[in-house]
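Peer 1: sequence unknown, structure follows:
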């Protein structure tokens, strides 16, 4: 473990925690041809790693993030950080994805906006951000770009690729595209084929962004742009990530401040109608969703949102390969698919179909359905049951 | 039936069809005090009727419309009309709500924008539209205003009150508010208590409207205003009215025109990225949702959308009366509640709870759950099973 080749990435961690981590930039200077036929002279992927690569270089676990995620999935960047990485509950010494055992990698996706090359990056030919002149990105492009990072890190295989939601789509694409490289796939709360309803929600979000006058056909300054449209897109999307049950449990119908929809002082005087009062925040759930929208615009680029939702819309292994069984025919990995009963964005049945198609294609696959009430975001849940399933799968 | 007192409303109908109908305006010149304490010197309700009131005046059926509905629920206004009223499949001679037998009434709700007094009406004290100076409206206010119309029509009872979604909320409120007047309640795809998720979706729609610069705090010209925001609100809401299954069946992943996300002519030349092409309509479901949004803005007022969604948010019989059983304690009507398996906006369970609470309160109530895949809008479905249930209930 003291070999010079071993990549040291995390500072000494507190027991159970990854601790302080740093992000790195991988710059690929080889031209990259997108599935669309468009190309870039090169690209950058921002990434983090936790734990240590072993001598055999066979203990690497790749984490793939979802639409609004990033490369920072565990640990903290500074002792003053209010929150650790987004999957910190899962990843760490002694945790389900045990960094004492695994070398864990997570990169911001191509087309993203957290350091990797995407529409907010500078277009070398114009000196301005690409905007919507950025090439069309697919889930397969995301995976092919990640593969260059794996090569750069000197890996010859991945012990496991793990992801939920769009991360799960990348997991499946990894197993298909690089069958000899991927030993295990763990896909959660995902689908092999984006549904009409999913495309519909994505399109409403895109319209909210593109109809915002400040979108300006994708040309806007770094800290400007369609912030209102992006916030609305996020508010709506957030509802699809949770469930009626979890929102009822968390907020119910609790109200904020006043309990009547009309200012009592004005109600008795019919000439003084309460301007706007009625449409201010009244319920806690409204306040929460507005907060979700407002905090999102400070960390996400609207054009990236357009590109990544489009990549999700176009994810359809069935039509890309003729059938799901044909899509999975090259797969060599052992696969676990996890669905969640309350996920109505990528319902359990869509997850189960992935495992069934793998089995029909003669692959090693199983399906676990967990009874949760958090909705789609259940894959991020602090759940001993989920940890147990993942731990067991990684031990095989 | 030729008695002078009998209200003649429809021209001679084709067998099975209501045929040509006319809307009427009922003007109430008595002051109306809203639940909020605010008041108006009077109001107008636009309404239609089909069939004839009998001598005993005991065959009246009131139809209550949903958020985006109106008073025109059956027949046509002109022979050139492309579509009949929104519940024409249910209402007509020999249909489940048989106009040979019943005198059917439907009015545009108070706060609406299809002829009844609402935020787009002229405020007599300013000579300008009320905008958001219009009083806060509740479902109970809607029902109390409708009651004046019933009195005006000379009714002493309602054989049945029927409605789906927000119409179903009005049905329940009718039975509670005017127990001796209402003989039967038929509530479909509804709830006794708007959920956090429902409030959340309503709030996203309101934000889309209110953040549109043309909303201008509710002050906009008659054919202007936040058309973009209203269209986005409608696109999103439409997804919640249907289901993943019905959208998959209707559109699946079918694409419009080109089948690749990038213009092939431009793909090969990396200096010519396809501006905006990627974010044009690509899937049929997108085209459909955009159409839903665009057609809605030509028939609906954005401020009415704010008011009516707020009325829905605040509908909560449990908290208004202490408990659902207490809410229903005055009810004298016989009630049928119909839920639909695929309705995820007002799921079957919320409908079943209404019937259970009525039973616990010692009332005559039953619950029918129909297996459909259209989602919330199933109450509008052309379904012999639904017609049969309604016909049977109205025969009791």
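Peer 2: Received it, and whenever you're ready, just let me know what you need. Since this is a predicted model, take the numbers as computed values, not measurements.
Peer 1: poorly predicted segments of chain A, please.
Peer 2: A:1-15, A:257-277 (pLDDT under 70).
Peer 1: can you list the residue ranges for helices in it?
Peer 2: Taking DSSP state H, the helices of chain A run over residues A:139-152, A:166-177, A:196-210, A:227-241, A:244-250, A:264-267, A:284-297, A:302-313, A:317-321, A:324-328, A:348-360, A:384-395.
Peer 1: in TSV, list those helices along with distance to residue A:130 and mean neighbour count.
Peer 2: Yep, even glycine has a C-beta here, placed from its N, CA and C like the rest. Formatted as TSV, these follow (distance: least, CB to CB, whole Å; neighbours: other CB atoms under 10 Å in any protein chain shown):
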stretch	distance to residue A:130	mean neighbour count
helix A:139-152	14	21
helix A:166-177	21	27
helix A:196-210	16	25
helix A:227-241	17	26
helix A:244-250	37	18
helix A:264-267	51	15
helix A:284-297	20	19
helix A:302-313	8	25
helix A:317-321	25	18
helix A:324-328	31	21
helix A:348-360	33	19
helix A:384-395	37	15
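Peer 1: to residue B:293, which of those helices lies closest?
Peer 2: helix A:196-210 (7.7 Å; CB to CB).
Peer 1: follow-up on the earlier one: including distance to chain B, could the helices of chain A go into CSV?
Peer 2: Compiled in CSV, the helices of chain A are given as follows (distance: least, CB to the nearest CB, whole Å):
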stretch, distance to chain B
helix A:139-152, 11
helix A:166-177, 14
helix A:196-210, 4
helix A:227-241, 5
helix A:244-250, 4
helix A:264-267, 3
helix A:284-297, 4
helix A:302-313, 6
helix A:317-321, 7
helix A:324-328, 14
helix A:348-360, 9
helix A:384-395, 23
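Peer 1: any chance of those helices in a markdown table, plus distance to residue A:373?
Peer 2: Output for these, formatted as a markdown table (distance: least, CB to CB, whole Å):
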| stretch | distance to residue A:373 |
| --- | --- |
| helix A:139-152 | 29 |
| helix A:166-177 | 20 |
| helix A:196-210 | 20 |
| helix A:227-241 | 13 |
| helix A:244-250 | 4 |
| helix A:264-267 | 37 |
| helix A:284-297 | 16 |
| helix A:302-313 | 24 |
| helix A:317-321 | 29 |
| helix A:324-328 | 29 |
| helix A:348-360 | 13 |
| helix A:384-395 | 13 |
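Peer 1: which non-adjacent residue is nearest the residue nearest to the spatial centre of chain A?
Peer 2: With distances taken as CA atoms, centre = their mean, residue A:66 lies nearest the centre of chain A, 1.1 Å away. Using CB to CB, 6 or more residues apart in numbering or on different chains and skipping residues adjacent in sequence, the residue nearest residue A:66 is residue A:165, 3.8 Å away.
Peer 1: pretty sure that neighbour contacts residue A:191?
Peer 2: No - using CB atoms under 8 Å, residue A:165 is not in contact with residue A:191; the gap is 9.0 Å.
Peer 1: tell me, what's touching the two both at once?
Peer 2: Here residue A:165 and residue A:191 share the contacting residues residue A:346, scored by CB atoms under 8 Å, 6 or more residues apart in numbering or on different chains.
Peer 1: picking up where we left off before, how about the helices of chain A, which one is nearest residue B:25?
Peer 2: Among the helices of chain A, the nearest to residue B:25 by CB to CB is helix A:264-267 (28.0 Å).
Peer 1: distance of the spatially closest residue to residue A:382 that is not a sequence neighbour relative to residue A:390?
Peer 2: Excluding the flanking residues, the one nearest residue A:382 by CB to CB, 6+ apart is residue A:89, at 5.0 Å. If you measure residue A:89 against residue A:390 using CB to CB, to the nearest Å, the figure is 11 Å.
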